[in-house]
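Asks: turn this into a model:
(2 chains)
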There are 2 protein chains.
Amino acid sequence: MIKDLLIRNVRPMGGAATDLYIRDGRVAEPGNPDTTVREIDGRGQIALPGLVEAHTHLDKTLIGMDWFENRVGPTRNDRILADRKAKRELGIDARRQSARQVMQTLAFGVTHIRSHVDVDTEIGIANVEGVVGTREAFRGLVDVQIVAFPQSGMLGREGTLALMEDAIEAGADIVGGIDPATIERDPVRHLDAIFALADKYAKPVDIHLHEPGELGAFCLELIVERARALSLQGRVMVSHAYCLGMLEAQRQRSLIDALAAAGIAVMTVGSPSAPAVPLGLMRQSGLVVASGSDGIQGTWEPWGSGDMLERAKYLAQRNGMTNDADLEETARICCFGGAEAIGLTDYGLTPGCRGDLVLIDARTLAEAVAITPRNRTVICRGRVVVNDGILDSQFCDEKQRGA
Amino acid sequence: MIKDLLIRNVRPMGGAATDLYIRDGRVAEPGNPDTTVREIDGRGQIALPGLVEAHTHLDKTLIGMDWFENRVGPTRNDRILADRKAKRELGIDARRQSARQVMQTLAFGVTHIRSHVDVDTEIGIANVEGVVGTREAFRGLVDVQIVAFPQSGMLGREGTLALMEDAIEAGADIVGGIDPATIERDPVRHLDAIFALADKYAKPVDIHLHEPGELGAFCLELIVERARALSLQGRVMVSHAYCLGMLEAQRQRSLIDALAAAGIAVMTVGSPSAPAVPLGLMRQSGLVVASGSDGIQGTWEPWGSGDMLERAKYLAQRNGMTNDADLEETARICCFGGAEAIGLTDYGLTPGCRGDLVLIDARTLAEAVAITPRNRTVICRGRVVVNDGILDSQFCDEKQRGA
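Replies: The predicted structure follows:
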């Protein structure tokens, strides 16, 4: 039986020191502590709710595999082809690889993950099945949401739409989409198809949108129209949305307002080489903003730790933000922003919320973002699973979890 | 007496495994090893020559001091004012702080540093004197070059030019300059003044150039003219040069060619929020490219580790480079590129070069850049001063070095 946990002397979001009490896996008022309560000393560290990875690709990481020598061409299509070839030739085991990434990022305090998972006519839904296995293996420790993602395109590859449906039947939680114009070549038909699927299965939607400038803006308008028509307020996310960083100021603002009004969230990774979306303006407009690591150590990009606190730093750096207040804001994007965007209802540090948190040894929240200390303590539903940045094998053994 | 050092089984620049021999502090042919030779097992790790930090501000880091709450406005002038205020109010001890940064970055394998050091009418040359003290304290371990840097402007603040001269007399190695148009308001007069100083004292020149677009291009032309007139081939560096990322393609190419022909190096930090300079084109044109961390954990920017291997990753990320060959190139910028740019003559892993190197636990050089492992071994002139990322206090004690 899990004991209650009393965490003495921590500072929620970098604020005043307090004690946090977790009973039956949820944050609770201290009240009358159970006699079997376990107590730990937070030593004045900052407490954040478990970090939220709102956009990654668990089925594609090469963590622990042979080094992949990247000779891939520069276009997105080059990379999609290389990605499909790698899946064939490298024997990437989605079950094992996804477990490895989940474990790596849990050590940083990531307790909620939304992962896009490839569905295509070569691999079918094997990767979805693999990540479903990982989701089960980490149940009660890390929450994993699965997006059925047509990485290689859907309209142009017959059978993909049916496979998307199979993926949902097999356990995918969200309907994914991909560049409706530049890849799919027919924005209306692509969006109609995925929104119809979302409607049929009562699932949220998450669309990769790299489309540039006004082409991207047009696709966003089409997405807003469909989200409104189907009353999907709070259930649609657009990932990347680079076009928001490529528009004339007034156009940019009115689109952001339209997205906010429709309850559509935007996910940005703060990529240093892609157009920067206007983070400050987006937050001021009430838009829900989430962030993610995208692919980690794969054929697309060789780097990536999956640390969502480091990601908060990248967001600030990409936007030229150096003020403490701005760094605090990017930290919030990587916890509360992500949580709202992916639809978590019991998230936070207040009574009733799930008892997932990460303790960070920093003086202020801004310093936590700037320095990203790695010696963290991570608590999942009231159990201390990471000490000093190291996973406790009692709770998280590689073999047991399939990594 | 220092023993010779035999390093078994390392891979220079990620190539084939070999042994490296260091005699009297320099790389040597093994020949007849001295009987007092010390031997270490490189375990197949990658060997790079000591990393080169070609642009930082050792006198401004706040490492180990109270957290500085950044509420500074967004313009460069806001930041210059905040910086001067911080120097007054926070009591930043340039001697101590510079030593702290040198020690922090030595643990990553940085053995050569060029630091800009503020000279202004409020602090005079106190910071130069402080960093001169640190340079002496680390002699034989880390090489420090000092640029007399008029951070607050020179022409508009009477007495600054005379202080620059005092700074050189006090030990500064290089004449610094700053935005000749946007800050100094008189590009010709500013550049004439600093080049005259360089000529008088036979010193190299290193100019902070943030000037945008065609204004920056014009300043670059003025710099090329002066470098040519004074035959300063190989002795002039332009730091940042954002304008190179803001020009029409043909103009960009001809300016890069002109810089390369004049033997002027360019330093870029790969800032995620400033315009990206065209790294690939610059290297193809034969331009010498260096990199640096700029300020670390100071009032300008709250972050920064000073790890020049991580910097290679930032350079690749900012330029959208993911190929192994490109990552290898960014690694070379952070060692050989920097060495050439700051005028090191005995740098490298071949016989005769100074015996400074860093061993990195990675399978390929690209992986070293992508993953930036921290458990490095660092060797300074044949002495192992860092093991598993930790400074050996026998060689580098905080108190003894003034940190």
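
Asks: as a check, name the ranges of all helices in the stretch 251-400 of chain A.
Replies: A:279-284, A:308-318, A:324-332, A:338-341, A:365-371, A:398-401 (DSSP state H, counting those that start in this stretch).

Asks: same question, the stretch 101-250 of chain A
Replies: With helices called from DSSP H, counting those that start in this stretch, the stretch 101-250 of chain A shows them at A:126-137, A:160-169, A:187-201, A:213-229, A:249-261.

Asks: tell me which of those helices is the most buried.
Replies: Most buried of the helices of the stretch 101-250 of chain A, by mean neighbour count (mean count of other Cβ atoms under 10 Å in any protein chain shown): helix A:126-137, with a mean of 22. For the C-beta atoms, the positions are set from N, CA and C on the backbone; glycine is no exception.

Asks: that helix packs against which elements?
Replies: Under the contact definition 3 or more Cβ pairs under 8 Å, 6 or more residues apart in numbering or on different chains; DSSP states H and E, helix A:126-137 sits against helix A:94-106, strand A:110-118, strand A:143-149, helix A:398-401.

Asks: chain B contacts on the stretch 251-400 of chain A?
Replies: Residues of the stretch 251-400 of chain A lying close to chain B (Cβ under 8 Å from any Cβ of the partner chain) are A:270-274, A:276, A:297, A:300-303, A:313-314, A:317-320, A:322-325, A:327, A:363-364, A:366-367, A:369-371.

Asks: of those residues, grab the buried ones for PyMOL.
Replies: Those of those that count as buried under 16 or more other Cβ atoms under 10 Å in any protein chain shown are selected in PyMOL with:
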select buried, chain A and resi 270+271+272+274+276+297+300+301+302+303+313+314+317+318+319+320+322+323+324+327+363+364+366+367+369+370+371
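
Asks: hmm, back to that, now the helices of the stretch 101-250 of chain A in JSON lines, please, with extra columns for mean pLDDT and distance to B:Val288.
Replies: Output for the helices of the stretch 101-250 of chain A, formatted as JSON lines (pLDDT from 0 to 100; distance: least, Cβ to Cβ, whole Å):
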{"stretch": "helix A:126-137", "mean pLDDT": "98", "distance to B:Val288": "46"}
{"stretch": "helix A:160-169", "mean pLDDT": "98", "distance to B:Val288": "50"}
{"stretch": "helix A:187-201", "mean pLDDT": "98", "distance to B:Val288": "47"}
{"stretch": "helix A:213-229", "mean pLDDT": "98", "distance to B:Val288": "36"}
{"stretch": "helix A:249-261", "mean pLDDT": "97", "distance to B:Val288": "39"}
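
Asks: nearest to A:Ala341, of those?
Replies: Closest to A:Ala341 of these is helix A:249-261 (Cβ to Cβ; 11.8 Å).

Asks: care to break chain A down by domain?
Replies: A:5-49+A:352-401, A:51-341 (automatic domain parsing).

Asks: rewinding a little: mean pLDDT for the helices of the stretch 251-400 of chain A: which is lowest?
Replies: In terms of average pLDDT, helix A:398-401 trails the rest of the helices of the stretch 251-400 of chain A, at a mean of 87.

Asks: what packs against that helix?
Replies: For helix A:398-401, the elements it packs on are helix A:94-106, helix A:126-137, judged by 3+ Cβ pairs under 8 Å, 6+ apart.

Asks: average model confidence for stretch A:381-393?
Replies: 95.

Asks: in that stretch, which residues are buried?
Replies: Buried residues in stretch A:381-393, counting neighbours by 16+ other Cβ under 10 Å, are found at A:Arg381, A:Gly382, A:Arg383, A:Val384, A:Val385, A:Val386, A:Leu391.

Asks: and if you look at stretch A:334-348?
Replies: Across stretch A:334-348, burial judged by 16+ other Cβ under 10 Å covers A:334-344, A:347-348.

Asks: and the two most separated of those?
Replies: Farthest pair in the buried residues of stretch A:334-348 (Cβ to Cβ) is A:Cys334 and A:Gly343. Separation: 16.4 Å.

Asks: and the lengthiest strand in chain A with chain B, contact?
Replies: When chain A is parsed with DSSP state E, its longest strand is strand A:38-49. No: using Cβ under 8 Å from any Cβ, strand A:38-49 never reaches chain B; the gap is at least 12.0 Å.

Asks: can I get that strand as PDB, trimmed to CA atoms?
Replies: Provided in PDB are the C-alpha atoms of strand A:38-49 (Å, rounded to 0.1, in the frame of the first residue of the first chain):
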ATOM      1  CA  ARG A  38       6.200   9.300   4.800                       C
ATOM      2  CA  GLU A  39       8.000  12.600   5.100                       C
ATOM      3  CA  ILE A  40      10.700  14.200   2.900                       C
ATOM      4  CA  ASP A  41      12.600  17.400   3.300                       C
ATOM      5  CA  GLY A  42      12.200  19.700   0.300                       C
ATOM      6  CA  ARG A  43      15.100  21.900   1.500                       C
ATOM      7  CA  GLY A  44      13.400  25.000   0.100                       C
ATOM      8  CA  GLN A  45      13.400  23.700  -3.500                       C
ATOM      9  CA  ILE A  46      11.000  24.900  -6.100                       C
ATOM     10  CA  ALA A  47       8.100  22.600  -6.700                       C
ATOM     11  CA  LEU A  48       6.400  22.400 -10.100                       C
ATOM     12  CA  PRO A  49       3.700  20.000 -11.100                       C
END
